[in-house]
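Engineer: Sharing a model prediction with you, sequence too.
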Amino acid sequence: MIITSTDGSNSSQPNEESIKYQYQDRGAWSRFFSPKHTSINFSVKVFDGPFIATIPLMTVDHVSNTSDGEGFQRVVTHQVETYPLFLIKEDGSNSKFSSQFVLKGATQYQGPVSGAISAAQTAIKLVAPHSAVLTTLTEQTVKDASSALDSVLARLLSTSIDEEHSVDEDVGLLAPGKKGITVTLQIPTPEHEGEWDAPSGVVGSWTLRFAAPRPSVFSDVEICMPSNNAPNQASSANQQPLRSCQKSFDDAATFARTQAEKSPAAILQFQLISNAENMGSVSSFLKQQAWYGTSQKVLLAAKPKPEDVASFCESIKQAMIGIGLNDVDAGIVSHAMEHETWATDALRTEMEKQTKACGA
């Protein structure tokens, strides 16, 4: 997923007046007789099957009192794209993308609320899931991070103003080159800060899109889309960063398999769970499966049986598919397993013969 922003001066709506949200000093008199704390937080929560994330788009915090003087702190998300890869299933069961835009605002005339922005900044650090790929192994971690962020935002602000707008869209309409989902935020002008019924202006717009699809988590090759051009050609300055792309899923999958064959050790050491030391790799995950140890003993025979080798490879593929990877990745892992350190020459030879069961 990719989120990009434009400021209010670039508003696409002709009838919307943009504003420059300046830092406005209230003066010593107002700070003394009317200490004030105003907070505005705008965020989006996105869902697609097991994928869930909460992203703060803008936080504005203004403390004005005698002890702190004028304190302005702002956090604005301009571009975010560090989110995990996740599987779009062939049956269309997760082809609908849901987004929930939430605007919360509060004005308090009882002095400063300490730590508000630090809470928001802590929340932002929790936004990006910690793993490069979303599987059933990391799904709960992603949900916990999103829930933690929801909790921080709830504590950050009161409910003086609380708006939620939900949008459901087909995943295909959020692909590169498509319109995506764009939301424009209007808030009261600085001279009417915290007056929720006062005149407002546009301060920014954010657009949600997905990056171009990939056939494999083990390769950065993409399927060519309107915004990433022809195969292996650079994109313009206004488009996505250059990545290798192929014109069809099959071509991109073949490219990914070719890449994977050059570095089987990297495939086996690919981290399914981050910060799990040696327990989060593909190899470690497979070794924890109940069938693995038994199969290993059988396959270490002087001449392993073809049916035992085929069963071993099928078990590997099913384990990978079971945690949310696709057929391409399952085949890549199965093919890489012949390079495990314990594999004998006889086993490797038989795995090479089992092109259907063990091939990528």
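Structural biologist: Nice, thanks for sending it over.
Engineer: Can you report how many residues lie near residue 262?
Structural biologist: Residue 262: 7 surrounding residues under other C-beta atoms under 10 Å. Where you see a C-beta, it was placed from the backbone N, CA and C, and this is true even at glycine.
Engineer: separation between it and residue 148?
Structural biologist: Remark: distance between residue 262 and residue 148 (C-beta to C-beta, to the nearest Å) = 39 Å.
Engineer: Please apply the same query to residue 244.
Structural biologist: Separation of residue 244 from residue 148 (C-beta to C-beta): 36 Å.
Engineer: So between the two, which is more surrounded?
Structural biologist: residue 244 (17 against 14).
Engineer: roughly how far apart are that one and residue 200?
Structural biologist: 45 Å.
Engineer: Would you mind giving the secondary structure of the closest residue to residue 303 other than its chain neighbours?
Structural biologist: Computed as C-beta to C-beta, 6 or more residues apart in numbering, the closest residue to residue 303 that is not its neighbour in sequence is residue 346, at 5.7 Å. Three-state assignment for residue 346 (DSSP: H, G, I helix; E, B strand; the rest coil): helix.
Engineer: can I assume residue 346 is in contact with residue 300?
Structural biologist: No. Residue 346 is beyond contact range of residue 300, at 9.2 Å (criterion: C-beta atoms under 8 Å).
Engineer: before we move on, back to that, pull the number of nearby residues for the residue nearest to residue 303.
Structural biologist: Residue 346, neighbours per other C-beta under 10 Å, totals 15.
Engineer: which residues touch it?
Structural biologist: 302-304 (C-beta atoms under 8 Å, 6 or more residues apart in numbering).
Engineer: again, only using 10 Å
Structural biologist: 299-304, 309 (C-beta atoms under 10 Å, 6 or more residues apart in numbering).
Engineer: which SS state does the most centrally placed residue in the chain fall under?
Structural biologist: Centroid check for the chain by C-alpha atoms, centre = their mean gives residue 83 as the closest residue, at 2.1 Å. What three-state DSSP gives for residue 83 is coil.
Engineer: which residues does the closest residue to it other than its chain neighbours contact?
Structural biologist: Nearest non-adjacent residue to residue 83, counting by C-beta to C-beta, 6+ apart: residue 1, 4.6 Å away. Contacts of residue 1 were listed using C-beta under 10 Å, 6+ apart, and they are 46, 48, 51, 53, 55, 80-86, 97, 99, 174, 208-211.
Engineer: Try it again at 8 Å.
Structural biologist: With C-beta under 8 Å, 6+ apart, residue 1 has these contacts: 46, 53, 80-81, 83, 208-211.
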